[in-house]
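A.B. asks: Sequence first, then the predicted structure:
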Amino acid sequence: MNNQNMYDMNIENSRTNQQGVNLNQNPYINPNIPVQNQGINTGFNSGDFVKGALIGAAVTYLLTNKDAQENIMKAVSKGSELFQAGMEEMKERMEDAKAAMETNQE
């Protein structure tokens, strides 16, 4: 177990990292304290930021452009018509299969 008192009320005694640097010190106030590397892909340089910006731009374009909205609604309605036609075709095939089974049983 750690030799430190578990109930030490002085936070300065318990907050050091592996290098012995006190974590309570602000590295911007004391520039001699090393700042840990947060990685290369952080901030505005990351691919996630670029993807988010492109998706946001596309959504904004779709929500503000009337022609784009009309084309999307046409595509959705065409897709729903094709789906309904496919469902009707499937129902007809099921009825044909039932009729074929009934004729085979007789």
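C.D. replies: Sure, I can see it. Numbering: from 1, shown residues only.
A.B. asks: quick one: the helices in this protein?
C.D. replies: 47-64, 66-105 (DSSP state H).
A.B. asks: pLDDT score assigned to residue 106?
C.D. replies: Looking at residue 106, its pLDDT is 72.
A.B. asks: What is the neighbour count of it?
C.D. replies: Around residue 106 there are 4 other residues, counting by other Cβ atoms under 10 Å. In short, each C-beta sits where N, CA and C put it, glycine included.
A.B. asks: how far away is it from residue 100?
C.D. replies: Separation of residue 106 from residue 100 (Cβ to Cβ, to the nearest Å): 11 Å.
A.B. asks: now do residue 72
C.D. replies: In terms of Cβ to Cβ, residue 72 sits 42 Å off from residue 100.
A.B. asks: what packs against the lowest-mean-pLDDT helix or strand in the chain?
C.D. replies: Sorting the helices and strands of the chain by mean pLDDT, DSSP states H and E puts helix 47-64 at the bottom, at a mean of 90. Applying 3 or more Cβ pairs under 8 Å, 6 or more residues apart in numbering; DSSP states H and E, one finds that helix 47-64 makes contact with helix 66-105.
A.B. asks: I'd like to know which elements the helix it packs on is packed against.
C.D. replies: Looks like helix 66-105 contacts helix 47-64 (3+ Cβ pairs under 8 Å, 6+ apart).
A.B. asks: can you state the direction angle for the helix it packs on and helix 66-105?
C.D. replies: On the basis of axes from the mean of the first three to the mean of the last three Cα atoms, to 10 degrees, helix 47-64 is oriented at 90 degrees to helix 66-105.
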